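Visitor: Quick one: sequence plus predicted model below, questions after.
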Amino acid sequence: VSHELRTPITPIKGYADLLRRRGDGLPAQKRTKALDVIADRAAHLSRLVEDLLLASRISGDQEPVRSLVISETELTALVTRAIEDFSADADRLRYTSGPPVRVDCDPTRVIQVLTNLVANALKYSPGTSVVRLGVTVRGDRGCVEVRDQGRGIPADELEQVFEKFHRVEDPMVMSTSGTGLGLYVARHLARGMGGDLTVDSVLGQGSVFTLHLPL
């Protein structure tokens, strides 16, 4: 976790120092790039801190239910909103919205959960593979599926991925970054809204994470 917190700080400090010393002399394009990097890394750092704070509250038996603001919300619109945060990977995302599905949820937290699921799907899949999203109704639940074509998860780790700090990769040879908190927080938020977060996976073929929310 300490490594993940330091990672975005390095470019923030570097580009801020560059702008302070040479900002007036830099071409407009380079200044814009520096500011974009600072804003992106600051947003990344903000998400890490929020995950740590939420994980701390959950661990202290302070369920996140108290902070949730539940309302009747159109689910397909939330999926569209979450996808907008991945404009750089738009060519890898496939989502065709269907009929409206109204669920009881906290819209902000649903977007947080979906953003985490999409980011993981992109991170753990080959660079040219497609991530598919779909909204379905199952019984009394509205469901969002996030389906990737990544490495998959071993059967004996399907539930462990929702544990705090758990990473599927060998910590000595990790090829991707992460704190191991995202799915832990996401499942607690889903359950706090009266729903759930589940996963099905086949090694070498990919995974399907499904967010369930009450209709």
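Guide: Received, thanks. Numbering: from 1, shown residues only.
Visitor: Show me the residue at the heart of the protein, geometrically.
Guide: Asn116 (0.9 Å; CA atoms, centre = their mean).
Visitor: show me what contacts it?
Guide: Asn116 makes contact with Gly182, Leu183, Val185, Ala186, according to CB atoms under 8 Å, 6 or more residues apart in numbering. Where C-beta positions appear, they are placed from N, C-alpha and C, glycine not excepted.
Visitor: Counting neighbours, what do you get for the first one?
Guide: Neighbours of Gly182 under the rule other CB atoms under 10 Å: 22.
Visitor: what do you get for Ala42?
Guide: Around Ala42 there are 14 residues (other CB under 10 Å).
Visitor: What's the separation between the closest residue to it other than its chain neighbours and His188?
Guide: Once flanking residues are discounted, Ala42 sits nearest to Ile12: 6.2 Å by CB to CB, 6 or more residues apart in numbering. Counting by CB to CB, to the nearest Å, the gap from Ile12 to His188 is 29 Å.
Visitor: okay, those two: which has more neighbours?
Guide: The residue with more neighbours, out of Ile12 and His188 and counting by other CB under 10 Å, is His188; that gives 22 against 17.
Visitor: coming back round to it: may I ask which two of the contacts of Asn116 are separated the most?
Guide: Using CB to CB, the pair of the contacts of Asn116 lying farthest apart is Leu183 and Val185, separated by 7.4 Å.
Visitor: Now do the strands in this structure.
Guide: Using DSSP state E, the strands of the chain run over 71-74, 93-95, 102-105, 131-138, 141-147, 196-202, 206-214.
Visitor: who wins for proximity to Leu18 among those strands?
Guide: Evaluated over these, closeness to Leu18 peaks at strand 93-95, with 32.7 Å, by CB to CB.
Visitor: Please enumerate residues in contact with that closest one?
Guide: Here strand 93-95 has contacts from Val79, Thr80, Ile83, Phe86, Val118, Val130, Val131, Arg132, Leu133, Gly134, using CB under 8 Å, 6+ apart.
Visitor: From those, pick the one nearest Gln112.
Guide: Using CB to CB, the contacts of strand 93-95 come closest to Gln112 at Val118, 11.2 Å.
Visitor: The closest one: neighbour count?
Guide: Neighbour tally, Val118, other CB under 10 Å: 24.
Visitor: what does the model give it for pLDDT?
Guide: Note on Val118: pLDDT of 91.
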